[in-house]
Structure formats: structure tokens, C-alpha cells
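A.B. asks: Requesting a structural model of the entry that follows:
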Amino acid sequence: MTDLPTLDQSGEDRRRAAELSLEHRRPPARLPGYEPERFLGAGAYGEVWVAVDRNTRRRVAIKFYAHRGGLDWSLLSREVEKLSFLFADRYVVQLLDVGWDAEPPYYVMEYLEHGSLEDRLAAGPLPVPQAVSLFREVAVGLVHAHGKGVLHCDLKPANILLDQDGKPRLADFGQSRLSHEQSPALGTLFYMAPEQADLEAVPDARWDVYALGAVLYRMLTGQTPHRTEEATKGIEEAQDIETRLARYRQLIKTAPSPRAHYAVRAVDRALAEIVDRCLAPSASRRYPNAQAVLDALDARTLRHARRPLLILGAVGPALLLIVMTLFAWTSFGTAVSNSDTLVTEGVLESNRFAAEFVADAVAREIDLRWQVLGQVAAGPGFQQALEEATGQPRDHPQRKRLGELLEKPHARYRGLAAASCFVTDRSGIQLARWPKGEKTIDQDYSYRDYFHGQGKDLPPGTTGIQPITEPHRSIVFTSQATHNRIVAFSVPVWSIQSEVTERSVIGVLAMTVELGRFAELRPETSSEGDQIAVLVDNRPDWRGRRGLILEHPRLARLLESAASENSLPYLDDALNRRIEEMRVLKLDLRKAAGQAHTSAEAQGTTDKPAADSIRQLRQLGKLPDYTDPVGGEYQGRWLAAIEPVIVGGSSRGVQDVGWAVLVQRRYDTATYPVRALRDRLVRQGLIALGVVTAVVTGLWGAVILVLNESPRSRLFALVKRQAGLPSEGGSAPRSPDRT
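C.D. replies: Numbers count the residues shown, from 1 in each chain. Okay, the predicted model is just below:
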């Protein structure tokens, strides 16, 4: 189906005009007041020439109806009639003069030098902003035409001319109809609505809506919707016009919806939906008129204009919420960290006080052992019995007497959790033992540390060993009687002093305690879980290693199951060096304080070096990240404090026994209130964040509900109707229905 004679001023027409001009062709007639300039084009009913108005020197286009043979003047007059209806409309090519009585008849209209939109599209599709701008202008032109009762009925790029500003003008109203007319009008293939392709169709504004969508599709993609070589060939092969029109209608209704515009990057959803709705095969699915198209385009423009504000309104609260959340989280983290630090420091300080207290208690208990042993050893009867029993056989009466005197204060031994108590003569031979036992009696133990006090056991059989002359705490050793690991507290037994003889050591009295059974750290002062006190030997043991755990809630079970000495628990070397440094500091402070039992007296000194030593001692004693070497259920992080055991009792002056007390408390247990508060605040913060997010989301949902005039969701449209808000009810589908 060929285009009807319209002023399309295409490239082909210009080429033909140039050829005719070369042939010095003359216009069909000379018009008074107009000076012909060049031939512009020819159509089925005549020719178009460019002329110059002699009065205004303005170029005009003159259309001569030169072919009178069989000419239907009523059809030809329609164009002039519609142009006269649209006189002075800036969106329509203006009619300047009419000469129906001339020979041949003509009319004069303004000449647009920039040609048609078809010429512009020959170079390819337009940028989306430019296409939308032209589309809006064309839509406004159609609104003006429809407002004056004129339906174009043949809108296409060739019938849209561009003025000197690049603005579109509607042209070629040869197929146009007035809104009250009932006669059909055929447009151009692939720009014509399917229902228009019917010789009995009644003109409808939705025909122009379809063509408007096809023009926009062409500007965006460079393609005509549904137009393919196969489709064009199928239509042109039809024998008559009715068959061609039927095939065209069938093609538009059954072919897939045009989708090329979705691939254009700058085409947004709203613009794509405008194209889809304009090209809907069913007229009921299309916009009802050009004004509705313009309204949809204005709504899109409004949404685009609102978008920065909407984005700012959405992003602003979100950013504010994020900033507030980050600030709150940072402050919360700082507060939790500070609280954790304060709680940790408080627990460490509490452990330090506890370690000082237990260390002083251990020192008093050690001094008490030496006192008990010293009282027994200083008894005249005991000294005499020992002197008389020395060198006698096992069944000698004095040996029995010595055993009875040793057993007499056993109640006090048990109160001190003693494993055994025994006495040796000056050469190290064990003469008596409590409780009674046969394995160790008359054995030579002069090589033991508790006898000679050299800090280590000597090889058995070593001769020339001298006994201790002052109270002594031995290294840990293995008992020959029980085969348990024990430590001994020993005192020398002096001879009875007389006016004639000089006082000398006649033996050694000792008390042993098994590892894990020290009375100083009973279960009532050491629990299995929260806080425990541990006794540590910082001096080298029988293996030469430092840091052996002497008392621990799990030590007894560990010793029972120990397969070898390698399984015994020891502190690491770094901690042992720290304890050694603390021992030196505390020993110096005690000596400087003059037999002070606690650091409280030294704390009040005004001596700056002493005060500095106290602070250093306390700082060294705190262990914020301690790992228990016993392991098992005691694995994990502990908060601990260490205090060396310094004896300063009546038995002798200030003495370092080489032990240290370590009080430890589980980190998780100590900081549980902080973690519980943290978890509660996190839960409350998440709830608050969720509530604020829900409120903001709800408010924005309400804003979108109000602003979205054409919701795609039927539920959204229903909500708008229930709320009494204007809505198109989601009548615009995602893609046109194929009806």
C-alpha cells in the first residue's frame, strides 16, 4: 500500500526535483506575487514547487493539482479543509493561500527547509532524550488537531516536517477525517492501527495513538514495528485490497509484541510502557486519545523530576540511619570495650587482693608448720630421746620412746594436712615415723634436700653431708613409702644445751605434704569453676624445671592418671621469669618494711622508690590473658593474679620459700554481665532499627502509593481505590495483550 500524496519532501523527491530543474522544467502555472524557484516533488495529483513571495521574500511551497483527469475534487479538498481548521497552529504546516478557481488549482503553504523526520531517521535512531522531545511535540500537535475535531489518520515520519528550530510540524492531511465523519481512511502500512485496515472502519482517535507509538518506536530503534521483508511480501502478494488489509490485521494481532525498544539502554520502564500501550493491537488496551498519551508522558517526566527528590528522600533517611547506626555502634562498641576493660581490671584487682591474701595465708601456714615442728623438736624429752635413740636398734626402748613422742602431736599434723612426719639422726638415718611404716625406718636419707637444705637431692650414698641448721622447705620429691610426689618442711633438732657442751644439731624433724593436698588451698577457698587458687613452685624441682603446679583443683586427678612426668603441669618460662622478678621486689619490700606481713604497711610509705616498687609489683602480678596449663575443663582464657609467698613469722626472719599463689577466674564468667548487657542492647538496637526501617518503609510506601498514578500491581491499584486515591487501576499491562 503506497503512501498517499503528502508533502513529505523526502530525499528521493529532492533528487527528482534536482533532475527536473536541470531540464529547466517550468511550473504548471505562474501565480501572481510568487516567483518560482525550483521543483520540489510530484505526487498522484500534481506537483509541488518552491517559490518566493515577492512581497515578504519568504519561501513557500505551492502544490498544484495538475492532474484533472478522473480527479475526485472532494477528496483533494479535504487536505485544504483540514489545514484551514488548523490555521495558525504552530504544530501544523500552515496554509497561506488557496486558488481553487485557478488553472490548475493550487494551495500555498509554508516551506520547511529541514525536510521530514523520515529524512532525519535515514541516518539511524535518535538519542532517547531527542526522540522523547520530538514525540512530545508531535503528541501536542495531535492534541491540538483532535481538539479541533481533526483526526490525522496517516501519521508517519514522512508526514512530520522539521522547522528551522528542529521542531516537528504535522503535514499531509489528505487522509484526515473530522471526528464526526463516518467514512474510512487508510493510512500507511505498519504505522496504521489494525482496526483502521478495514474499508468499513469508522475513524477513531486511537488510530493516531497507534501511529504515534509506531513513530516513537521508529525514533528509538530505527525500525518500524512488525515490518519485515517476509511480512511485507505476504501482504503485497494479495490479489485485492481487502485481502491485503485482512492479512495486515492478522499480522498485527498475532505477531509477537515489538521488543526492540527494551534493548535501548536509556529507555526506562515508563517510556517502554508508553510504547507498548500505544502499539497494543486491541484498541481497548490503547490510550483513548493523544491527550492520554501526553498525560502518560507528563507523568513520566514528573516522576523523573521527582526522582532526585525521592532518591534524596529515600537515601537521606537511609544515610542518616546508617550514620546514626554507625555512630551508635561505634559508641556502643567503645562503651562495651570500656566496660569490659573496667570489669577485667576490677577482676584482676580482686584476684590480686585474693592472691595477696592467700599468699599471706600460705606463708602463715608454712610458718605454723615450722612452729609445730620446732616446738616438738625443742621439747627436752624429744631431744633426749633422739640423742639416746641414735645408733640403737629398732627395738630399743628409746627408739620406741622417740616414736611415741613423734606420734603425740598427730592431731596438729592432721590439721596441717600432713602426709607423714619423721625424724632422722645427724647422719640422715630415719629413726621414727608417723604414721608407722617399715619401709623407710633405718634408711639413709641424708641425700634428701629436706636433710641438707641445698635445694636439690644429692646422689644416694654421698658422704660428708651436713644437716640443716634452720627451717627449710624441700623440693618436690617422690616418697619411697607411698610413691607419691611430696614436699617436706623440716627443722633441725638441737642437742640439749649445757654449761659444758656446745649446742649442735643431732637430727632433723620433717613433715611432708602430698601434691594436691595442701590445707592452705582447701575446696572452701578454691572452687571448681568460677575462681580458683593455685600454688606454684618457682624453684627448680627434681627435674630442674621451674613452675611446677603444687596445688590445683584438678591436680589430684591429674596425678592419678599421669602416665609420665611429662604430663605434670608447669608454667611457661616467661611467667616463671615474671614470678622471679616479683619475688625479688617483694622480698626487698618485706625486708625494708621490717617483717611486715602484708603490703599495707609498705603502701603508706612516702619513700618514692618503695612506692614505685609496689606499683611495679602489682602490675607484674596481673595476668589479663592467662592460660591454665592443667587443661581439660580449665582450658580457655582466665583473668589471673600472682603473688609470691614470703614467710616472715616467728620461726625465723623474712624468708623466700620459692612458692607463689596464683588466683584465677574465668574471663567468660567474669565478663558475663558485660556480654549479657551487650547482647541485650544489640537485640534492642536491632529491634529499634527494624521498627525505624519499617516506619520509614511504610512512609515511603505511602508516598509511592500517592504518587504512583498508574500502578502495575493490581493489589497496589486496589489499595489506592480503597484509600480513595486516583488511579488508573493498573490498566496498563506490562506488554500488550494479543487480542
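A.B. asks: ok, the closest residue to I441 other than its chain neighbours to L142 distance?
C.D. replies: Closest residue in space to I441, ignoring its immediate chain neighbours: Q430 at 5.8 Å, by C-beta to C-beta, 6 or more residues apart in numbering. C-beta here means a position set from N, CA and C on the backbone, and glycine is covered the same way. According to C-beta to C-beta, to the nearest Å, Q430 and L142 sit 126 Å apart.
A.B. asks: you'd agree the residue nearest to I441 is up against S446?
C.D. replies: No: taking C-beta atoms under 8 Å as the definition, Q430 is not a contact partner of S446, at 10.1 Å.
A.B. asks: who touches both of those two?
C.D. replies: The contact sets of Q430 and S446 overlap at T424 (C-beta atoms under 8 Å, 6 or more residues apart in numbering).
A.B. asks: So what's the gap between the biggest helix by length in the chain and the chain middle?
C.D. replies: The helix that spans the most residues within the chain, counting by DSSP state H, is helix 290-378. A distance of 17 Å separates the centroid of the chain from that of helix 290-378, by C-alpha atoms, centre = their mean, to the nearest Å.
A.B. asks: Bridging across strands, which residues link to C421?
C.D. replies: Here C421 sits in beta bridges with W434, M511, going by DSSP bridges.
A.B. asks: is it true that it touches W434?
C.D. replies: Yes: between C421 and W434 there is a contact under C-beta under 8 Å: 4.6 Å.
A.B. asks: So which of these two has more stuff around it?
C.D. replies: Legend: neighbour count by other C-beta atoms under 10 Å for C421 and W434, higher for C421 (25 against 19).
A.B. asks: Helix, strand, or coil at the closest residue to W659 other than its chain neighbours?
C.D. replies: Distances taken as C-beta to C-beta, 6+ apart place V645 nearest to W659, at 4.2 Å, with adjacent residues excluded. Classification of V645 using DSSP: H, G, I helix; E, B strand; the rest coil returns strand.
A.B. asks: part of a helix, is T424?
C.D. replies: No: the assignment for T424, made by three-state DSSP, is strand rather than a helix.
A.B. asks: pLDDT value on it, please?
C.D. replies: Note on T424: pLDDT of 94.
A.B. asks: what's the neighbour count on it?
C.D. replies: 28.
A.B. asks: list the contacts for L216?
C.D. replies: Under the criterion of C-beta under 8 Å, 6+ apart, the neighbours of L216 are 131, 135, 274-275, 278.
A.B. asks: sorry, back to before: got phi/psi on the residue nearest to I441?
C.D. replies: Backbone dihedrals for Q430, given as degrees, to the nearest 10, come out at phi -70, psi 120.
A.B. asks: returning to what we had before: state the mean pLDDT of the longest helix of the chain.
C.D. replies: 87.
A.B. asks: Could you check the angle it makes with strand 420-425?
C.D. replies: Helix 290-378 runs at 40 degrees relative to strand 420-425, counting by axes from the mean of the first three to the mean of the last three C-alpha atoms, to 10 degrees.
A.B. asks: Point out where the stretch 551-700 of the chain drops to low pLDDT.
C.D. replies: 561-566, 594-607, 649-653 (pLDDT under 70).
A.B. asks: can we see that at 50?
C.D. replies: The stretch 551-700 of the chain contains residues with pLDDT under 50 at 595-605, 650-651.
A.B. asks: quick one, helices of it?
C.D. replies: Using DSSP state H, counting those that start in this stretch, the helices of the stretch 551-700 of the chain run over residues 555-561, 573-593, 600-603, 608-620, 667-670, 672-707.
A.B. asks: closest one to D165 among those?
C.D. replies: Between D165 and these, the tightest spacing by C-beta to C-beta is seen for helix 672-707, at 33.4 Å.
A.B. asks: Can you give me the buried ones in the closest one?
C.D. replies: Buried residues in helix 672-707, counted by 16 or more other C-beta atoms under 10 Å: 674, 678, 696.
A.B. asks: With stretch 444-460 instead?
C.D. replies: Neighbour-count burial for stretch 444-460 flags 444-453, 456-457 (criterion: 16+ other C-beta under 10 Å).
A.B. asks: between the residues you listed, which is closest to E229?
C.D. replies: Distances from E229 to the buried residues of stretch 444-460, taken by C-beta to C-beta, are shortest for K456, at 109.0 Å.
A.B. asks: Using the three-state scheme, assign that closest one.
C.D. replies: Going by three-state DSSP: K456 is coil.
A.B. asks: which phi and psi does the nearest residue to A378 once chain neighbours are set aside have?
C.D. replies: Using C-beta to C-beta, 6+ apart and skipping the chain neighbours, the partner closest in space to A378 is W494 (7.6 Å). Dihedral angles of W494 (phi, psi; degrees, to the nearest 10) stand at phi -90, psi 150.
A.B. asks: just checking, W494 touches I506?
C.D. replies: Yes: the criterion here is C-beta under 8 Å, and W494 meets it with I506 at 6.8 Å.
A.B. asks: and for the two, which residues touch both?
C.D. replies: Contacts common to W494 and I506, judged by C-beta under 8 Å, 6+ apart, are Q383.
A.B. asks: which of the two has more neighbours?
C.D. replies: I506 (19 against 16).
A.B. asks: Wasn't the more buried one part of a helix?
C.D. replies: No: with three-state DSSP as the criterion, I506 is assigned strand and is not in a helix.
A.B. asks: Please list all residues in contact with it.
C.D. replies: 383, 386-387, 390, 425-426, 493-495.
A.B. asks: Appreciated, that's everything.
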